[in-house]
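Q: any chance you could fold what I've pasted below:
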Amino acid sequence: MSVYDWDAVKDTIFLQARDFNVTLPQDLFYSQSFFGKDSVGASLRFFRGVDAENRFCLLISCADIALLCDVLSKSFLGDTDKFNLAYLNTNYSEIESCPITDAKQLSKISSQLKKRNKAAQRLKLAISNWKSAIRLVKAKNYVFVSFDIETYEMDHKIILELGWSMYDSKKNKFLDQHYINSAYRSLSNGRFVDDQKLKFLFGVSVWATIDQMLREFRKDLDWCIERDGGYILVGHGIDSDIKFLRKQNFSWPSLTLPGPGTLDVKESAFVAILDTETIYGAHCKELGNTASLGRALDNVKIDSWCLHNAGNDAHYTMELFLHLCKLTPP
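A: Numbers count the residues shown, from 1 in each chain. A predicted model of the protein is given here:
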């Protein structure tokens, strides 16, 4: 069956009307009169389908387009001009009937397809990021740095812990660090979030001020740049942790070491910023249903203990990342 994309049909009709110096009503195809009794809309046959780029489309048969063009031409252009859509693309697959009987239903289905396309585009981008992560791990050129921040459950402006895990892809080695904010020794989570700040499993925890722990984090990033010319950031829901560091005026290192650096991580010497939450979502094909670090680890069969300790979370995030990079994206 030969069909046209309904959105392309509408856009083309409006463009051609403008060329003919004719102004069409903006709600022409969504008005109740368009689907009124004995109107042209009531006789149109709609379909769903997929185009060559795997986008979901609302379609209409070529035979019905001829009828639509004829009716609209007579109504708006008179006898001298005629809408022409014969050159539009007709290459669609997985075509199935999609009966539409009124303007409200047309609007609803169009919105649903747009949402599906946005979700599909997000998934496509996530899979692309996943493939990039795999290439970077296999290249063995950089240090991958995952980091995590634990805040006080009663006041999220208070940072209780900072932990980071460095995976040296050149040497296939881990280095883990865990710092606890000495200014808030008396504060512990436990009501809404597990209290695990004294249960770091991959080294020795260090009590320090917030400034001291941020300086140590910066030193390790500087070392990555001095050796490799950049670093790769990894995190699970990494944007929120980056925002926390921005609020602390953390200065990300730039290529021009030594120097003050930059508050904007995207202006720093990073090679890539990779989010295991997104990569795991691509693996599950469920970007809209984000998984916690614990659930993601359980689902890929990685044993974990004492999560919600910043050092442990950073380490397990790196384990999750490296595990996902051993899998084959779709």
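Q: what helices and strands are in contact with the lowest-mean-pLDDT helix or strand in the chain?
A: Here the helix or strand of the chain ranked lowest by mean pLDDT, DSSP states H and E is helix 40-43, holding a mean of 87. The helices and strands touching helix 40-43, judged by 3 or more C-beta pairs under 8 Å, 6 or more residues apart in numbering; DSSP states H and E, are helix 62-72. Every C-beta, even on glycine, is put in place using the N, C-alpha and C of the backbone.
Q: re earlier: immediately after the least confident helix or strand of the chain, which helix or strand?
A: Sequence-wise, the next helix or strand downstream of helix 40-43 (DSSP states H and E) is strand 46-50.
Q: now tell me what touches that following strand from outside.
A: 1, 3, 6, 56-61, 92-100, 106, 109, 113 (C-beta atoms under 8 Å, 6 or more residues apart in numbering).
Q: mind redoing it with 10 Å?
A: Under the contact criterion C-beta atoms under 10 Å, 6 or more residues apart in numbering, strand 46-50 has outside partners 1, 3, 5-6, 55-61, 64, 91-101, 105-106, 109, 112-113, 116, 120.
Q: one more: stretch 191-202?
A: 150-154, 160-161, 163, 165, 174-181, 184, 187-190, 205-206, 304-316.
Q: repeat that for 8 Å
A: Stretch 191-202 has contacts (C-beta under 8 Å, 6+ apart) with 150, 153-154, 160-161, 163, 165, 174, 176, 178, 180, 188-189, 205, 305-312, 315.
Q: tell me the pLDDT at the residue nearest to the spatial centre of the chain?
A: The residue lying closest to the centre of the chain (C-alpha atoms, centre = their mean) is R122, at 5.3 Å. pLDDT for R122: 92.
Q: likewise for E216?
A: 98.
Q: what's the neighbour count on it?
A: For E216, the count of nearby residues is 15 (other C-beta atoms under 10 Å).
Q: next one: the one 3 residues further on
A: Taking other C-beta under 10 Å as the neighbour definition, K219 ends up with a count of 10.
Q: now do the phi/psi pair for it.
A: Dihedral pair for K219: phi -60, psi -40, per degrees, to the nearest 10.
Q: next one: I242
A: Phi and psi for I242, reported as degrees, to the nearest 10, are phi -60, psi -40.
Q: tell me how far it lies from L160.
A: To L160, I242 is 18 Å away according to C-beta to C-beta, to the nearest Å.
Q: tell me which of those two has more neighbours.
A: Neighbour totals were compared for I242 and L160, and L160 leads with 23 against 19 (other C-beta under 10 Å).
Q: hmm, the more buried one is touching L187, no?
A: Yes: the pair L160 / L187 is scored as a contact, 6.4 Å apart, by C-beta atoms under 8 Å.
Q: can you list residues touching both of those two?
A: Common neighbours of L160 and L187 are listed as Y152 (criterion: C-beta under 8 Å, 6+ apart).
Q: coming back round to it: so for the residue nearest to the centre of the chain, what's the nearest residue that isn't a sequence neighbour?
A: L287 (5.3 Å; C-beta to C-beta, 6 or more residues apart in numbering).
Q: quick one: the helices in the stretch 101-250 of the chain?
A: 103-139, 210-228, 238-247 (DSSP state H, counting those that start in this stretch).
Q: list the buried ones in the shortest one?
A: Same thing as helix 238-247. For helix 238-247, burial by neighbour count (16 or more other C-beta atoms under 10 Å) applies to 238, 241-242, 244-245.
Q: that one packs against which elements?
A: Helices and strands touching helix 238-247, by 3+ C-beta pairs under 8 Å, 6+ apart, are strand 143-152, strand 270-275.
Q: what's the answer for the longest one, then?
A: Taking 3+ C-beta pairs under 8 Å, 6+ apart as the contact definition, the neighbouring helices and strands of helix 103-139 are strand 46-50, strand 56-61, strand 270-275, helix 276-284, helix 310-324.
Q: just those: most buried one?
A: Sort those by mean neighbour count, taking mean count of other C-beta atoms under 10 Å, and helix 310-324 sits at the top with a mean of 25.
Q: quick check: angle from that one to helix 238-247?
A: For helix 310-324 against helix 238-247, the angle by axes from the mean of the first three to the mean of the last three C-alpha atoms, to 10 degrees is 140 degrees.
Q: next one: helix 310-324 to chain centre, how far?
A: The chain centroid and the centroid of helix 310-324 are separated by 20 Å under C-alpha atoms, centre = their mean, to the nearest Å.
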